[in-house]
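Asker: please find the sequence and the predicted model below.
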Amino acid sequence: MNNASLFLLSFSVGILVVIQGGINAKLGVMLNNTLLATSAALVMSTSFTLLAVFLTIRELPSLHQIQTIPTYMWFTGGALSFLAVTLFYYIIPRIGIATAVIFGLSGQIIFAAIASHFGWFGMPVEPITIKKVMGMLVMVMGVLLIKY
């Protein structure tokens, strides 16, 4: 897949995050419980993921591959997903979907720049440059203009 397609796909993911956040935050309000909405979302997500795995997987990882994966990697991603999703559903009805997404996106961009700079999580190193810092400052100013 070429970069243009990947950029469009990433943009589409952003749209999907806003839609699912809005729907599931409303579900949490209707149920009077953010955790129930999170549970419903994650159960459905797990169901769709397992279906996709069963339809597409050609070969299971070997026992050796599984044993070489650090234990924390099996749990950390799920715990962080739970926390992020639950907080998103909690925040949206209180400050609005646009504000929640704008500030969440700001956090993602700034943290992604830092993580990329140091090559955290085994990802390629992308140094923070003056141009990137200026871009982040413009983005934060844009967030403030949108909000205030």
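Answerer: In hand now; what should we look at? Since the model is a prediction, treat every value here as computed from it, not as a measurement.

Asker: quick one: which helix or strand includes residue 109?
Answerer: helix 97-118 (DSSP states H and E).

Asker: how far does that helix sit from the chain's center?
Answerer: Taking Cα atoms, centre = their mean, to the nearest Å, the mean C-alpha location of helix 97-118 is offset from the chain mean by 10 Å.

Asker: and it, what does it pack against?
Answerer: In this structure, helix 97-118 packs against helix 3-31, helix 71-95, helix 130-147, with contacts taken as 3 or more Cβ pairs under 8 Å, 6 or more residues apart in numbering; DSSP states H and E. Where C-beta positions appear, they are placed from N, C-alpha and C, glycine not excepted.

Asker: would you reformat these as a markdown table and include distance to residue 44, mean neighbour count and mean pLDDT?
Answerer: Listed next are these as a markdown table, based on distance: least, Cβ to Cβ, whole Å; neighbours: other Cβ atoms under 10 Å; pLDDT from 0 to 100:
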| stretch | distance to residue 44 | mean neighbour count | mean pLDDT |
| --- | --- | --- | --- |
| helix 3-31 | 10 | 13 | 93 |
| helix 71-95 | 12 | 14 | 94 |
| helix 130-147 | 31 | 12 | 88 |
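
Asker: so what touches the helix holding residue 109?
Answerer: 14, 17-18, 21-22, 25, 88, 91-92, 120-121, 123-128, 132, 136, 139-140, 143, 146-147 (Cβ atoms under 8 Å, 6 or more residues apart in numbering).

Asker: apply 10 Å and report the result again.
Answerer: Outside helix 97-118, the residues that touch it by Cβ atoms under 10 Å, 6 or more residues apart in numbering are 14, 17-19, 21-22, 25-26, 84, 87-96, 120-121, 123-129, 132-133, 135-136, 139-140, 142-144, 146-147.

Asker: export the helices and strands packed on helix 97-118 to CSV and tack on distance to residue 106?
Answerer: Formatted as CSV, the helices and strands packed on helix 97-118 follow (distance: least, Cβ to Cβ, whole Å):
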stretch, distance to residue 106
helix 3-31, 13
helix 71-95, 13
helix 130-147, 5
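
Asker: to residue 51, which of those helices lies closest?
Answerer: The closest of these to residue 51 is helix 3-31. By Cβ to Cβ, the value is 17.3 Å.

Asker: and that closest one with helix 71-95, angle?
Answerer: 60 degrees (axes from the mean of the first three to the mean of the last three Cα atoms, to 10 degrees).
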